[in-house]
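Chemist: Quick one, fold the following:
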Amino acid sequence: MEEIRILGICGSLRKGSFNRRLLQVAREEAPEGARLELADIAGIPIYDGDVESAGLPVPVQTLKRQIRAADALLIATPEYNYSLPGALKNALDWCSRPAQDNPFRDKPLAIMGASQGLLGTARAQYHLRQIAVSLDLLALNRPEVMVGQVESKFDAEGRLTDTKTRELVHKLMVALVVWTRRLHIP
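Modeler: Below is the predicted model of the structure:
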């Protein structure tokens, strides 16, 4: 395996979200031999079995292709009401359909998240880990990147100013590359 292709998925739909900014930091901190590309879940409609039976919507087909082409996934999720955002859950549900065409199976996964609260998306990440089991994703255990009080860690231009957070994101990216290579060794 030469270059590790990582697909970043942001659970927030806001263009200026802290989680989208965190993915940009992850892109900057990707180690040599790894590349992070970003997916967009904004155009995915609410899951509807009737729509599915007529054929997968184009945004779902696009995301499934991106997931398949990636060697690993990195999901950055905010926390809404003690869980992950509906838009992210919806995108995961759509992409897991139909069950025999699951692009997540045996795919390495890293999770991170940022919020204004003290716990930094801990509950959302734990829910996402539960969902990952059902999707057959292979979640990286450590390091856990849960950025709390995030508004104090970025400047007005959206640049990360907190060196500890940057170091943690770097460690996550390195660990994801090591994890991915380990899982792909024949």
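
Chemist: what are the ranges of the helices in the protein?
Modeler: Using DSSP state H, the helices of the chain run over 18-29, 49-54, 58-69, 86-95, 122-135, 163-184.

Chemist: do you know which of those lies nearest Leu7?
Modeler: Taking CB to CB as the measure, those were each checked against Leu7, and helix 58-69 came out nearest at 5.4 Å. Where you see a C-beta, it was placed from the backbone N, CA and C, and this is true even at glycine.

Chemist: elements contacting that closest one?
Modeler: Judged by 3 or more CB pairs under 8 Å, 6 or more residues apart in numbering; DSSP states H and E, the packing partners of helix 58-69 are strand 4-10, helix 86-95.

Chemist: related to what we said a few turns ago, among the helices of the chain, which gets the worst mean confidence?
Modeler: Of all the helices of the chain, mean pLDDT reaches its minimum on helix 49-54 (a mean of 93).

Chemist: hmm, back to that, reformat the helices of the chain into JSON lines and put distance to Val147 and mean neighbour count next to each item.
Modeler: Below are those laid out as JSON lines (distance: least, CB to CB, whole Å; neighbours: other CB atoms under 10 Å):
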{"stretch": "helix 18-29", "distance to Val147": "7", "mean neighbour count": "22"}
{"stretch": "helix 49-54", "distance to Val147": "35", "mean neighbour count": "10"}
{"stretch": "helix 58-69", "distance to Val147": "25", "mean neighbour count": "16"}
{"stretch": "helix 86-95", "distance to Val147": "17", "mean neighbour count": "20"}
{"stretch": "helix 122-135", "distance to Val147": "11", "mean neighbour count": "17"}
{"stretch": "helix 163-184", "distance to Val147": "6", "mean neighbour count": "17"}
